[in-house]
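Please work out how this folds:
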Amino acid sequence: MLLPVRLIMNHFWILLHLLFLSAEDIREGQLSMPVILELGIVGIGYAVWTRQTPVLIPGLFLLIFSYFSKEQIGYGDGWLILVLGMWMELHTLLMMFWIGLILSVLSAAWLEKKELPFVPFLTAAYIIGEWIWI
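Numbers count the residues shown, from 1 in each chain. Just a heads-up that it's a prediction; the model follows:
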């Protein structure tokens with residue numbers, strides 16, 4: 001089944017941002033808030049245009065968890081999940097988060113590391129969920 005061009009463009013838009021933020025997370029160990037803000041502002045417009053209710057709870061939960069866990073998962077990751085909630089439905093966002101979390105835990109165990117950048121695993125989960133399983 002062919003997907004509408006608009007849906008493909010949305011997936012491509014999100015993927016470009018995730019790839020950029022992944023490279024930045026690997027290189028810098030933090031995320032660019034202007035890039036996340038831009039994705040969020042455009043996402044608000046997308047949510048209004050499509051009459052889609054933004055999914056804010058997972059991102060808000062991660063921001064609160066980040067605060068109380070002294071950034072075991074960074075604020076940037078929480079903001080990114082919050083912003084992705086403008087673009088995705090709840091089940092898609094949760095699936096992406098959990099696949100990314102499982103991939104990061106398995107990689108950390110394999111590499112015997114305590115900390116790894118999370119966004120590359122989130123990006124891999126997005127590719128698996130939105131591009132391969134379409």
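
in stretch 100-110, what counts as buried?
100, 103-104 (16 or more other CB atoms under 10 Å). All C-beta spots, glycine's among them, are computed from the backbone N, C-alpha and C.

can you check stretch 123-134 too?
Buried positions in stretch 123-134, judged by neighbour count with 16+ other CB under 10 Å: 123-127, 129-130.

got it, and stretch 46-58?
Neighbour count says stretch 46-58 has 46-47, 54-55, 58 buried, by 16+ other CB under 10 Å.

in this protein, which spans are helices?
Using DSSP state H, the helices of the chain run over 5-28, 33-50, 57-68, 75-84, 90-111, 119-126.

Now tabulate these in JSON lines and tack on mean pLDDT.
Rendered in JSON lines, the data for those read as follows (pLDDT from 0 to 100):
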{"stretch": "helix 5-28", "mean pLDDT": "89"}
{"stretch": "helix 33-50", "mean pLDDT": "94"}
{"stretch": "helix 57-68", "mean pLDDT": "95"}
{"stretch": "helix 75-84", "mean pLDDT": "96"}
{"stretch": "helix 90-111", "mean pLDDT": "93"}
{"stretch": "helix 119-126", "mean pLDDT": "96"}
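
Work out which residue lies at the spatial centre of this protein.
For the chain, residue 81 is the residue whose C-alpha lies nearest the centre (CA atoms, centre = their mean; 4.8 Å).

how much space between it and residue 87?
Residue 81 sits 11 Å away from residue 87, going by CB to CB, to the nearest Å.
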